[in-house]
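> Curious how this folds, go ahead:
(chains A and B)
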Amino acid sequence: MLYREAGDFKTSYAKDQALIPIRQDRTMLYICIAIALVLPFVASDYFLGSIAIPVLIMVIAAIGLNLLLGFCGQISLGSGAFMAAGAYMAYKFATAFPWMPMPVSIILAGIATALIGLAFGLPAVRIKGFYLAVATLAAQFFLLWLFTHVPWFVNYSISGVPTPPPTTVLGVYVTGADAPNWAKYLFVLAFCAGLTWVAYNLVRSRIGRTWMAIRDMDIAAELIGIRPLWTKLTAFAISSFYCGIAGALWSFCFINTVEPTAFDINRSFQILFMVIIGGLGSILGSYFGAIFITLFPILLNSAPAWFGLDIPGNIITNLEFMIFGAMIVFFLIAEPNGLARLWQLGKEKLRLWPFPH
Amino acid sequence: MEFFTDFFVGPIMEMVKAPEFLAEVAIAGLMSGVMYSLVGLGFVLIFKASGIFNFAQGIMVLFAALNFVGLMDSGVHPIIAFVATLVIMTLLAMAIEKLVLRHLVNQSQLILFMSTIGIAFFLEGFGELIWGGNVRPLHVGIPDDVIFIANGSILIQEADLFAGVTAAFLVTILALGFRYTAVGRALRAVADDHQAALSVGIPLNHIWIIVWAVAGFVALVAGIMWGTKLGVQFSISIVALKALPVLILGGFTSIPGAIIGGLIIGMGEKIAEVYWGALFGGAIEEWFAYIVALIFLLFRPQGLFGDKIIDRV
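Numbers count the residues shown, from 1 in each chain, chains lettered A, B, ... in the order given. So this is what the prediction gives:
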């Protein structure tokens, strides 16, 4: 009874086609947006800088991989490398055209990453499944090597790990060492919200539907006139676009250096886990997955201290590996649709509650 | 133009000028190729018998080696440690079958593949939780000298030679076992057709346990070889990832393919590194194998020796 669609009449086509047709869901969304906007005024600097910003950035990356894996059914183990591509491209754009507004540089970096993703997505035209996984592993190792061994990408900086230039939006620093955490948070939030909105609309548009058709049965999709080549390549391009933007934000707004180690193969696996645990084929699931995977290690690190236990850090790290591995297997067996499905089940329960049927 | 001379003429000239050095590089490459082959062998065994692409094979190498070296360091005789590790790997195979694979029958290959990534992470944490994350040197009496052939102009590591001989021995045993024993016949039957095998009374679950245990055995041998060479450490599992391009090259369903693919990749990347590496700024070993695999995927997705029927789009 708490959650219900009844009585929510749609009196125009526009209302019927609204992104979120149910009033209660809309209210929920407005509350979430309000909380997100109020957060910088109430939350501590540590929370904003070390929890909220990385979570929001990883949400973008997870949505990117989810579009590819969850909606189009093409696996990628190279998301970390595409994030790196975004970071280095954003650095090149920001230093080569200092007059350009930072958001434009980041979006251009995303587009450049999309082109790189296209190149590495080409094998997908002929192969699928884990064959593709190996092809994307090639992207992972080759791209990282490229960025560390070609000095042009770091403007011939001697250390090889340059610091992003400070830039402003509306007169406030949003990147660089001087940028306050609340400004960086709002900057990242704007990207995250915008890209989420785009993703929600993408997957219910023509292009998203062709992705899902290819995912569910490629031969049938081809028979009804969907071009597999075009469909898979758009999925790769758009997924890489998201990852690229996430990588640029990660470098510019979070770690404040452009370095390859932040984007190694473990990053790719981390994003893959977010998508699996959050829920394959669910945008909301990407949020759950990113929040869970980012916060869980922090929780695991601080939990023993609450109980007065003193567990060395390396044991915690190993435990983290074990728990993540076990959870991946558990979710694949028990709930392939991940946390998003649990959320849905929760809503079903609320609809009936307090009645049994 | 200068680049083309450097790329096409220079390295060839160097090779011609010093053929002994080329032979030495090639042999060193072949020997590291043997290591890739050993890991690839484990992949192929499991893939043939169950159609599962076992991402955890590399970690199984590390896990087996960690157990072996851990037991040895606590004073156990190498042979007993070897047998004990085999028992552990068999138990692991049974656990994986019971806890994971049994519940994922009839799922898509992609789901199975991702579940083995989960297994890989679990084993990585588990192994290091028990035995610690330090680099452990491993000495099991594998000869450790260098020998010179061809009038002392070519240098070979004895340990490499030993690894090569062991690998050849292992492959022979496996090939004979596949051909002449009842279990081997059952394995081949399952590899051909699950349902047909079931209908003539071959217990699928047992076969899966056996094949994972055999893969564990291969992993242990690979782990011992590698541990002797590099010390038992986490980076083994990253190097083991190179078995994936090896398989693309050799074909996922072919045991000879895994061996030859491993040798080609091992030798190719060493030669590329030594002669062309400087041209690209070094460390091209990291991605050479993957790019070769990528090119192969574009033009010959079934690999050199794989079955023609692969899931093409």
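> Show me where chain B has its strands.
Taking DSSP state E as the criterion, chain B carries its strands at B:146-149, B:154-157.
> residues of the helix or strand where A:Cys192 lies that come out buried?
With elements taken from DSSP states H and E, the one containing A:Cys192 is helix A:181-203. Buried residues in helix A:181-203, defined by neighbour count with 16 or more other Cβ atoms under 10 Å in any protein chain shown: A:181-189, A:191-192, A:195-196, A:199-200, A:202-203. Heads up, the C-betas are built off the backbone N, CA and C, glycines and all.
> Touching it from outside, list them.
If you take Cβ atoms under 8 Å, 6 or more residues apart in numbering or on different chains as the criterion, helix A:181-203 is touched by A:19, A:33, A:36, A:39-41, A:45, A:48-49, A:52-53, A:56-57, A:59-60, A:63, A:67, A:71, A:102-103, A:106, A:169, A:172-175, A:208, A:211-212, A:238, A:242, A:245, A:249, A:253-254, A:283.
> change it to 6 Å
A:19, A:36, A:40, A:45, A:48-49, A:52-53, A:56-57, A:59-60, A:63, A:71, A:172, A:174, A:208, A:249, A:253, A:283 (Cβ atoms under 6 Å, 6 or more residues apart in numbering or on different chains).
> Could you do stretch A:69-77 as well?
In this structure, residues lying in contact with stretch A:69-77 by Cβ under 6 Å, 6+ apart are A:68, A:124, A:132-133, A:136-137, A:203, A:211-212, A:214-215, A:235, A:268, A:275, A:280-281.
> on that earlier part again, which among the contacts of helix A:181-203 count as buried?
Among the contacts of helix A:181-203, those buried by neighbour count (16+ other Cβ under 10 Å) are A:36, A:40, A:48-49, A:52-53, A:56-57, A:59-60, A:63, A:71, A:174, A:208, A:249, A:253, A:283.
> which ones among the residues you listed are found in helices?
Members of the buried ones among the contacts of helix A:181-203 lying in helices (criterion: DSSP state H): A:Ala36, A:Pro40, A:Ile53, A:Leu56, A:Ile57, A:Val59, A:Ile60, A:Ile63, A:Gly208, A:Leu249, A:Ile283.
> ok, now how distant is the third one from chain B?
To chain B, A:Ile53 is 26 Å away according to Cβ to the nearest Cβ, to the nearest Å.
> can you check the fifth one too?
A:Ile57 sits 22 Å away from chain B when distances are taken as Cβ to the nearest Cβ.
> How about A:Ala84, nearest residue that isn't a chain neighbour?
The shortest distance from A:Ala84 to any residue other than its chain neighbours is 3.6 Å, reached at A:Phe263 (Cβ to Cβ, 6 or more residues apart in numbering or on different chains).
> From B:Trp287, how far out is the closest residue to B:Ile284 other than its chain neighbours?
Nearest non-adjacent residue to B:Ile284, counting by Cβ to Cβ, 6+ apart: B:Gly277, 5.1 Å away. Look at B:Gly277 and B:Trp287: by Cβ to Cβ, to the nearest Å, they are 12 Å apart.
> cool, and A:Leu56?
From A:Leu56 across to B:Trp287, the span is 31 Å (Cβ to Cβ).
> Check which helix or strand A:Gly7 maps to.
Remark: A:Gly7 resides in no helix or strand, with elements defined by DSSP H and E.
> List the residues that contact it.
Going by Cβ under 6 Å, 6+ apart, A:Gly7 touches no other residue.
> redo that, cut-off 10 Å
A:Gly7 makes contact with A:Arg23, according to Cβ atoms under 10 Å, 6 or more residues apart in numbering or on different chains.
> what do you get for A:Ala262?
Residues in contact with A:Ala262 (Cβ under 10 Å, 6+ apart) are A:Gly80, A:Met83, A:Ala84, A:Ala87, A:Val161, A:Gly247, A:Trp250, A:Ser251, A:Phe254, A:Ile255.
> List, one by one, the residues from the stretch 1-150 of chain B near chain A.
Applying the criterion Cβ under 10 Å from any Cβ of the partner chain, the portion of the stretch 1-150 of chain B that neighbours chain A consists of B:47, B:52-56, B:59, B:96, B:99-100, B:102-104, B:107-130, B:132-134.
> Any of the residues you listed buried? List them.
Buried among the residues of the stretch 1-150 of chain B next to chain A (16+ other Cβ under 10 Å): B:47, B:52-56, B:59, B:96, B:100, B:104, B:110, B:112-129, B:133.
> Keep only those of those residues that are in helices.
Members of those lying in helices (criterion: DSSP H): B:47, B:59, B:96, B:110, B:112-129.
> Quick one, grab the pLDDT at B:Ile154.
Looking at B:Ile154, its pLDDT reads 68.
> which parts of the stretch 151-300 of chain A sit against chain B?
Proximity of the stretch 151-300 of chain A to chain B is assessed by Cβ under 10 Å from any Cβ, with A:151, A:214, A:218-219, A:222, A:228-229, A:232, A:264-266, A:269, A:272-273, A:275-276, A:280 identified as the residues in range.
> Surely B:Ala81 and B:Gly223 touch.
No - the pair B:Ala81 / B:Gly223 is not scored as a contact, 12.0 Å apart, by Cβ atoms under 10 Å.
> what touches both of these two?
Residues touching both B:Ala81 and B:Gly223 comprise B:Asn67, B:Phe68, B:Val69, with contact defined as Cβ under 10 Å, 6+ apart.
> what's the most distant pair in the contacts of stretch A:69-77?
Taking Cβ to Cβ as the measure, the contacts of stretch A:69-77 span a maximum distance of 26.6 Å, between A:Leu137 and A:Val203.
> gap between the two ends of stretch A:329-342?
Taking Cα to Cα, to the nearest Å as the measure, stretch A:329-342 stretches 16 Å from start to finish.
> Report the distance from that stretch to the chain centre.
Shown here is stretch A:329-342, whose average C-alpha point lies 19 Å from the average C-alpha point of the whole chain (Cα atoms, centre = their mean, to the nearest Å).
> can you count the residues close to the closest residue to A:Ile291 other than its chain neighbours?
Spatial nearest neighbour of A:Ile291, chain neighbours left out: A:Val55 (5.5 Å); criterion: Cβ to Cβ, 6+ apart. Counted with other Cβ atoms under 10 Å in any protein chain shown, residues neighbouring A:Val55 total 18.
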